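Engineer: sequence? don't have it. structure:
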Ligand code: PGA
């Protein structure tokens, strides 16, 4: 029996790409893609510089705005950082925390992730908390152990109410930007494990948390991935930089969703 959950949650992480004009053009094309996407939650996550431009485009549409990172203090002498209240002020509803590029290139740890997630919640933002194993961990059969550690430390001290506002993105690091997607079965195994753990720790709020998959998602693989019981949507990198690819991913997920309704 398929436990059908919620409509697809599809977020586009534009990373360090796009100038102002390009960003607003892309946002306009996605927002204008048509009423058939109204059943999806669509989140656009441009670089900080383009938040204002994209906020103007998504205002009054069904799409929401997100940021790629935040710092845990509200304000002060933290050169180069951006806080939760600032993102809220810039009309963000979501913020990525602990993306694997932040962890690998900028040295973020589960402890800094925890501080950032708390700051996001305090500011009224929904954190999209990214977790996932590297290839050596998968090959060594240590994927679920890694996931458990990231969840336990990253979400330490969380309440059920916190969990109800949090999204988990499972992104196997070996699948990000490599063109090598996890198979639906591989992704489902980890998603089911995450849901089980969250259910144990946070009851109903944990068991019903949105758990999205990321790592080389394209229109061609989003349907079979979304067919899996515990995959609630996608965090899309490369394919989100092109309106057709991003909208195609959302449409394919919606097709799977509607078949099961
Ligand atoms: P990708 O990136 O879709 O380009 O693999 C995913 C991500 O980094 O969130």
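Structural biologist: All right, it came through fine. Computed from a predicted structure; not experimentally measured.
Engineer: For this protein, list the residues in contact with the ligand, please.
Structural biologist: 13, 171, 176-177, 214-217, 235-239 (CB under 6 Å from any ligand atom). Any C-beta I mention is one placed from the backbone N, CA and C, and that applies to glycine too.
Engineer: would you turn those residues into CSV with pLDDT?
Structural biologist: Shown next, in CSV, are the residues of the chain next to the ligand (pLDDT from 0 to 100):
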residue, pLDDT
13, 98
171, 97
176, 91
177, 88
214, 97
215, 96
216, 94
217, 96
235, 98
236, 98
237, 97
238, 96
239, 97
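Engineer: Neighbour-wise, which one of these leads?
Structural biologist: In terms of neighbour count, residue 217 stands highest of those at 31 neighbours, by other CB atoms under 10 Å.
Engineer: Can you classify that one as helix, strand or coil?
Structural biologist: Secondary structure, DSSP: H, G, I helix; E, B strand; the rest coil: residue 217 is coil.
Engineer: Show me what stretch 28-44 is in contact with.
Structural biologist: Contact with stretch 28-44 is made by 7-12, 14, 27, 54, 57-58, 61-66, 93-94, 128, 233, 243, 246-247, 250-251, 253-254, 257-258, as judged by CB atoms under 8 Å, 6 or more residues apart in numbering.
Engineer: Tell me where the model's unsure across the protein.
Structural biologist: Residue ranges of the chain with pLDDT under 70: 1-4.
Engineer: tell me the contacts of residue 71?
Structural biologist: Per CB under 8 Å, 6+ apart, neighbours of residue 71: 78, 81, 82, 83, 116, 119.
Engineer: And the buried ones among those, selectable in PyMOL?
Structural biologist: Applying 16 or more other CB atoms under 10 Å to the contacts of residue 71 leaves a buried subset, and the PyMOL line that selects it is:
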select buried, resi 82+83+116+119
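Engineer: Among the contacts of residue 71, name the ones in helices.
Structural biologist: When DSSP state H defines the helices, the subset of the contacts of residue 71 inside them is 116, 119.
Engineer: By proximity to the ligand, which residue of the protein wins?
Structural biologist: residue 237 (2.2 Å; CB to the nearest ligand atom).
Engineer: Correct me if wrong: residue 148 contacts residue 196.
Structural biologist: No - counting by CB atoms under 8 Å, residue 148 does not reach residue 196; the two are 10.4 Å apart.
Engineer: coming back round to it: which residue comes closest to the residue of the chain closest to the ligand once chain neighbours are left out?
Structural biologist: Leaving aside its chain neighbours, residue 237 sits nearest to residue 13 (5.2 Å; criterion: CB to CB, 6 or more residues apart in numbering).
Engineer: Next: residue 206.
Structural biologist: Going by CB to CB, 6+ apart, residue 206 has residue 198 as its nearest residue, at 3.2 Å.
Engineer: on contacts alone, who are the packing partners of the helix or strand containing the one you found?
Structural biologist: Per DSSP states H and E, residue 198 falls inside helix 184-207. Under the contact definition 3 or more CB pairs under 8 Å, 6 or more residues apart in numbering; DSSP states H and E, helix 184-207 sits against helix 143-154, helix 160-164, strand 167-170, strand 210-214, helix 219-227.
Engineer: residues of it that come out buried?
Structural biologist: Result for helix 184-207 [16+ other CB under 10 Å]: buried residues 184, 186-191, 193-195, 197-198, 201-202, 205-207.
Engineer: now the angle from that helix to strand 210-214?
Structural biologist: 150 degrees (axes from the mean of the first three to the mean of the last three CA atoms, to 10 degrees).
Engineer: neighbouring contacts of helix 184-207?
Structural biologist: Residues contacting helix 184-207 (CB under 8 Å, 6+ apart): 131, 143-144, 147-148, 151, 155, 158, 160-161, 163-164, 168, 170, 172, 182, 209, 211, 213, 224-225, 227-231.
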